[in-house]
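**Q** below are the sequence and a predicted model; questions follow.
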Amino acid sequence: MGQGNHHGRLSQIATPWTDLDQAHAGTLPALDAARRRLLLRYSPAVYSYLIGAVRDPDIADDLFQEFALRLMRGAFRRADPRRGRFRDFLKTALSHLVTDHYRQQGRGPLPYRGSPDPAADRSPLTEAEERFAEEWRAQLIDRTFAALAAFEQRTGQPLHTLLDFRVDNPDLAGADLARQLSGRLGRELSATWVYKHLHKARQKFADLLVAEVARTLDCPGAEEVGQELAELGLLRWCQPALDRSR
C-alpha cells in the first residue's frame, strides 16, 4: 500500500468473508482452495483458542480436527458478515465447538489448577480469549513482515531488510548500524541514510499492517480499522498510517 490517500483502497480489500463466500459456492477446485486458504491462515489462532479453552493438547488436537472438518464440509455457509469482524465469527464458532464437546462429555470445563491463590485463577474462557488475541496479533505482524518483504522484492527498496535488521539489533546505533547494514546490502551507507530509510520502513510497515487488519473486517473503513487496532493493542504504532487513510 502506498503512502498518501488510501482510504478508497481500504474499502476494496478482499476480506476473509470473501474467501468464506467462495468456500461455499462455485466449482469444486475453487471451494477446496478457498477453504484451505482459510484453514492455513487462521489455524494458529484457532489452535491457541482451543488449547486455552480445554487445557489438554490431545483434546485440543481433536477439536481442531473437528473444526477443520466442519470448515472443509462447508458448515459455516450461514455465517453473517454483518457482524463485521471475522475474528468474532471465529471465536463464536470455536466457543460453540468447545461447548458441544463438554455437553457430549456431560460436564463443564475443568477448573484451573495453576495457582494456589483461587483469586488469581483465570477461567478457561478468559485464557482462550487471551491466547486467541495474542496469536491473532502475532499472525497479523508476521503477515505484515511478509508483505513488506514482497514489497522489497517488487521495488528493490530494502525496507524489509532494514526493519528486520533493526528489530534484531535494537541497541545498535550510528556508525556501527550503518557499517553492518552496508555489509548486508553490499554498498556504502551513511548513518543519515539508514535512519531516513528506517523511518520510511516503519511508515510502510504501518500502512501494510493497517491493510492486514482491514482484511479481517467487512466493509473496513478507517473508524472500524482503528477500533480493531485499538482492541489488539496496535493502534499506537499505526495511528499516523490510519490518519493518512482518512
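**A** Cool, got the structure.

**Q** setting aside sequence neighbours, what's the nearest residue to the spatially most central residue of the chain?
**A** Geometric centre of the chain, nearest residue: Leu140, 2.7 Å, by C-alpha atoms, centre = their mean. Excluding the flanking residues, the one nearest Leu140 by C-beta to C-beta, 6 or more residues apart in numbering is Glu212, at 5.1 Å. Yep, even glycine has a C-beta here, placed from its N, CA and C like the rest.

**Q** swap in Glu135?
**A** Nearest one to Glu135, counting by C-beta to C-beta, 6+ apart, is Ser48 at 3.9 Å.

**Q** pLDDT value on that neighbour, please?
**A** What the model reports as pLDDT for Ser48 is 93.

**Q** in what helix or strand does it lie?
**A** Using DSSP states H and E, Ser48 falls within helix 28-54.

**Q** tell me the angle of the helix or strand following that helix relative to helix 28-54?
**A** Where DSSP H and E defines the elements, the next helix or strand beyond helix 28-54 is helix 57-72. Inter-element angle recorded for helix 57-72 and helix 28-54: 150 degrees (by axes from the mean of the first three to the mean of the last three C-alpha atoms, to 10 degrees).

**Q** can you give me the buried ones in the helix or strand that helix 57-72 is followed by?
**A** Using DSSP H and E, the helix or strand that directly follows helix 57-72 along the chain is helix 86-105. Within helix 86-105, the residues scored as buried using 16 or more other C-beta atoms under 10 Å are Phe86, Arg87, Phe89, Leu90, Lys91, Ala93, Leu94, Leu97, Val98, His101, Tyr102.

**Q** closest to Ser182 out of the residues you listed?
**A** Arg87 (41.8 Å; C-beta to C-beta).

**Q** measure the closest one to Trp193 for me?
**A** Note on Arg87: its distance to Trp193, by C-beta to C-beta, to the nearest Å, is 39 Å.

**Q** and for Gln227?
**A** 37 Å.

**Q** now do Gln239
**A** Using C-beta to C-beta, we find Gln239 at a distance of 26 Å from Trp193.

**Q** OK, contacts around Ala175?
**A** By C-beta atoms under 8 Å, 6 or more residues apart in numbering, the contact list for Ala175 reads Ala191.
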